[in-house]
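> curious how this folds, go ahead:
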Amino acid sequence: MPRNRRTPPTPAPVDDPLLDQALADLDWYARCRDRARRWHWSTELGALLIGAATVVAAGIQAPAAVTATLAGLTVFIGGFRQVFGHAERHVLASEAWSRLHLAVRRYRLVPEAQRDESVRRRLLEEVETVATTELQSWAASRRGVQPGPLTGSQLP
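Numbers count the residues shown, from 1 in each chain. Here you go, the predicted model:
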């Protein structure tokens, strides 16, 4: 299981619109990933706690209204998880963030003086590929279709 670390802040912007766009996308995916992870953990823990409380309430013969309310909350959380799919959203955003993070890192490893058109084009292609793949995977998950594997990067 991945460690729960906050994403490090992005360095100060440079005079490179393509890199600025890639960093903005990277930041968006990081926020989306972190928010989905928090919602996923909250709903999972809520389901566990309320499910356990329902069993305890039934075991101690709590009033029917209490047991029914707890059972209703358990069903609600189960539906909430299915409707919003925070676990899937976390995975999709994590994959997109990881691919884009690696692409930006590879781009930055090339000295600024050597960032010719081909290096810039490869970063732009990766930014566009990540966005397209993430959108297609999200749309496929909404349709109930399993998304295909992500394609590899073309960056050196």
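> only C-alpha atoms for contact and neighbour calcs from this point on.
Noted.
> show me what the top helix by length along the chain is packed against.
Longest helix of the chain, by residue count under DSSP state H: helix 17-59. Applying 3 or more C-alpha pairs under 8 Å, 6 or more residues apart in numbering; DSSP states H and E, we find helix 17-59 packed against helix 64-84, helix 86-109, helix 117-143.
> try it again with 6 Å
Helix 17-59 makes packing contacts with helix 64-84, helix 86-109 when contacts are defined by 3 or more C-alpha pairs under 6 Å, 6 or more residues apart in numbering; DSSP states H and E.
> buried deepest among these, which one?
Stretch with highest mean neighbour count among the helices and strands packed on helix 17-59: helix 86-109 (a mean of 19; mean count of other C-alpha atoms under 10 Å).
> other residues contacting that one?
By C-alpha atoms under 6 Å, 6 or more residues apart in numbering, the residues outside helix 86-109 that reach it are 26, 29, 33, 36, 37, 40, 130.
> in CSV, list the helices and strands packed on helix 17-59 along with mean pLDDT and distance to residue 123.
Shown next, in CSV, are the helices and strands packed on helix 17-59 (pLDDT from 0 to 100; distance: least, C-alpha to C-alpha, whole Å):
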stretch, mean pLDDT, distance to residue 123
helix 64-84, 94, 32
helix 86-109, 94, 6
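> how about the ones you listed in JSON lines, adding distance to residue 119?
As requested, the helices and strands packed on helix 17-59 are exported to JSON lines (distance: least, C-alpha to C-alpha, whole Å):
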{"stretch": "helix 64-84", "distance to residue 119": "38"}
{"stretch": "helix 86-109", "distance to residue 119": "7"}
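> so which of these comes closest to residue 17?
Shortest distance between residue 17 and the helices and strands packed on helix 17-59, using C-alpha to C-alpha, is found for helix 86-109: 12.9 Å.
> and the angle from the closest one to helix 17-59?
Interaxial angle, helix 86-109 versus helix 17-59 (axes from the mean of the first three to the mean of the last three C-alpha atoms, to 10 degrees): 160 degrees.
> can you check what angle separates helix 86-109 from helix 117-143?
For helix 86-109 against helix 117-143, the angle by the same axes, to 10 degrees is 180 degrees.
> got CSV for the contacts of helix 86-109, with pLDDT and distance to residue 108 too?
Putting the contacts of helix 86-109 into CSV (pLDDT from 0 to 100; distance: C-alpha to C-alpha, whole Å) gives the following:
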residue, pLDDT, distance to residue 108
26, 96, 14
29, 96, 19
33, 96, 23
36, 96, 28
37, 96, 28
40, 96, 33
130, 93, 18
